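Trainee: Sequence and computational prediction follow.
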There are 2 protein chains.
Amino acid sequence: MPIFLPKEPLRDELLLTAVLYALSDEVRLGIVRQLAEGGEQPCGVFEVDRPKSSLSHHFRVLRESGVVTTRKDGKLLMNTLRRGDLNARFPGLLKAVLK
Amino acid sequence: MPIFLPKEPLRDELLLTAVLYALSDEVRLGIVRQLAEGGEQPCGVFEVDRPKSSLSHHFRVLRESGVVTTRKDGKLLMNTLRRGDLNARFPGLLKAVLK
DNA sequence: TAATTAGTTCGAATAAATTCGAACTATCGT
DNA sequence: ACGATAGTTCGAATTTATTCGAACTAATTA
C-alpha cells in the first residue's frame, strides 16, 4: 500500500485543544522550535534520541493537529511550521510558545 | 487522612509543556476560561457534565501544572487563575489561549 | 450530635498515547 | 537491477490519562 500522509486540517478546522496537545510534548515542541528557527526541513535532520518509527509518530501528531505541513520532495518529506494558519486562528500563540 | 491539595509549582518551576498539556483538554480549558471571566470561584460552580470525582481530577491537573491556585475558605476551595505567574513565565500565552 | 455540603482520595476499569522493531514504499545513485 | 536512504505503517507491549462510584475529611448548620 502506498504511503498516505495523514490529512492536514484546513485553517478553519484547526482546534485549539489539538494544537495545545501537540505542543505539550518535549520532543514535538523541540521539532517545532527547530522548524521555527530553520524553516522547512526534512524529518531526518531532527536529532531526537528515538528510533525513526517514534519520530514518525510525533510528526503525524504535528500534522494531524495542523501545526506542521509536509510536502514530498524527491525522497525527502519536507516539513514546515504552519505559521500563517496558526497566527490567523490563534494570534499570539506561536509567539508565546516559541519565546 | 487529611486532605492534601497537590503542591503547586512556584512561578519559576512552571513547565511550558505541563501548562500546554493542562490546557489541551476541553473541560479544563472551559474551567480556565470561566476563571478568567469571573475571577476566583469554588469548584462547585463549574457546570461540567461529569461527576465530582472527575471534576476533582481535572482541578488537580490544573493545580499541579500551575495554571490554577487554590485556597481554602470555610468549606469551599476557591480557585484562581495564576495570571501573574503565567504571564511572567510565558508572556502572551494566556491571552492567546483565552481569546 | 447529627445531617448536610464541598470537595478530595481511593481503587479499579477503560481508553488513549507512546514506544519500538520489523516490514514496507518510494526515490536516488551506481 | 541493485543497494542505500528516507520515512511510513503495522503490531504489540508498555505507560499514562480519564472516568466513575464509593468512602472519606472538614466545615457548616440545625
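Mentor: On my side now, so go ahead.

Trainee: my read: residue A:61 touches residue A:28, true?
Mentor: Yes - the pair residue A:61 / residue A:28 is scored as a contact, 6.3 Å apart, by C-beta atoms under 8 Å. In short, each C-beta sits where N, CA and C put it, glycine included.

Trainee: Compare the two (neighbour count), which wins?
Mentor: Neighbours of residue A:61 and residue A:28, each counted by other C-beta atoms under 10 Å in any protein chain shown, are more numerous for residue A:28; the result is 22 against 18.

Trainee: which residues sit in contact with the residue lying closest to the more buried one once chain neighbours are set aside?
Mentor: Distances taken as C-beta to C-beta, 6 or more residues apart in numbering or on different chains place residue A:58 nearest to residue A:28, at 5.1 Å, with adjacent residues excluded. By C-beta atoms under 8 Å, 6 or more residues apart in numbering or on different chains, the contact list for residue A:58 reads A:25, A:27-28, A:31, A:48.

Trainee: Restricting to C-alpha, output the helix or strand hosting residue A:58 in PDB.
Mentor: Taking DSSP states H and E as the criterion, residue A:58 maps to helix A:52-65. Extracted in PDB, the C-alpha atoms of helix A:52-65 (Å, rounded to 0.1, in the frame of the first residue of the first chain):
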ATOM      1  CA  LYS A  52      12.600   6.800  13.400                       C
ATOM      2  CA  SER A  53       9.300   5.000  13.900                       C
ATOM      3  CA  SER A  54       8.800   7.000  17.100                       C
ATOM      4  CA  LEU A  55       9.800  10.200  15.300                       C
ATOM      5  CA  SER A  56       7.400   9.400  12.600                       C
ATOM      6  CA  HIS A  57       4.600   9.100  15.100                       C
ATOM      7  CA  HIS A  58       5.400  12.600  16.500                       C
ATOM      8  CA  PHE A  59       5.400  14.100  13.000                       C
ATOM      9  CA  ARG A  60       2.000  12.500  12.500                       C
ATOM     10  CA  VAL A  61       0.600  14.200  15.600                       C
ATOM     11  CA  LEU A  62       2.000  17.500  14.400                       C
ATOM     12  CA  ARG A  63       0.400  17.100  11.000                       C
ATOM     13  CA  GLU A  64      -2.900  15.900  12.200                       C
ATOM     14  CA  SER A  65      -3.200  18.800  14.600                       C
END
